[in-house]
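Engineer: Build me a structure from this.
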Amino acid sequence: MPRQKKALTSAVAGRKVEIIKTYDQKYAHEVFSLMNDAALDHLAISMKLSADFEESDTPPRSDEEYTDFLWGEMLDAAREDWNLFSFFVVKESDSANARELFVSPDWPTAEAYLNLLSNGVLTGSAV
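Structural biologist: Got it, this is the predicted structure:
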């Protein structure tokens, strides 16, 4: 089981939604690979990649290399120490199922994603 701790629990349309802080890079990458396009876009915008990179320095959104680029940038942002990374995972569950929807390198981005889910702006699940 990855080392993690609950940071926030909320209810969205009858489902429990939590933000979990984890230091497990493998787990974070698994969640990252499950993120839908809206979640990836939210992450990229929150990381202000367009301010840090010229458009020609980033792979196009439609390119397969884009997710590798985004993951690499998230790892840089998640670094707490030389070899310690922390991630915030948004996880949804009901009585029968649980699934991870989003991962970010910081609390405010995960909380903003949860708020967008709560307000119906994003649809990361069957809510």
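
Engineer: pLDDT below threshold where in this protein?
Structural biologist: Applying pLDDT under 70 to the chain flags residues 1-9, 11-13, 122-127.

Engineer: at 90 instead, please
Structural biologist: Within the chain, the segments meeting pLDDT under 90 span 1-18, 48-64, 80-83, 92-99, 114-127.

Engineer: all helices for it, in order.
Structural biologist: All helices of the chain, identified by DSSP state H, fall at 25-34, 37-46, 49-52, 65-78, 107-118.

Engineer: Convert the C-alpha atoms of the fourth one to CSV, please.
Structural biologist: Provided in CSV are the C-alpha atoms of helix 65-78 (Å, rounded to 0.1, in the frame of the first residue of the first chain):
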residue,chain,number,x,y,z
GLU,A,65,5.0,13.0,-26.3
TYR,A,66,2.7,15.6,-24.6
THR,A,67,1.8,13.3,-21.6
ASP,A,68,5.5,12.4,-21.1
PHE,A,69,6.4,16.1,-21.1
LEU,A,70,3.6,16.9,-18.7
TRP,A,71,4.6,14.1,-16.4
GLY,A,72,8.2,15.3,-16.4
GLU,A,73,7.1,18.8,-15.5
MET,A,74,4.9,17.5,-12.8
LEU,A,75,7.7,15.5,-11.3
ASP,A,76,9.9,18.7,-11.1
ALA,A,77,7.0,20.5,-9.4
ALA,A,78,6.4,17.6,-7.0
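
Engineer: So which bits of it are buried?
Structural biologist: Neighbour counts over helix 65-78 (16 or more other CB atoms under 10 Å) mark 69, 70, 71, 73, 74, 75, 77, 78 as buried. The C-beta positions use only the backbone N, C-alpha and C, and glycine is treated the same way.

Engineer: Out of the helices of the chain, which one sits most buried?
Structural biologist: helix 107-118 (a mean of 19; mean count of other CB atoms under 10 Å).

Engineer: Distance from that one to the middle of the chain?
Structural biologist: Once both centres are worked out by CA atoms, centre = their mean, to the nearest Å, helix 107-118 turns out to sit 9 Å from its chain's centre.
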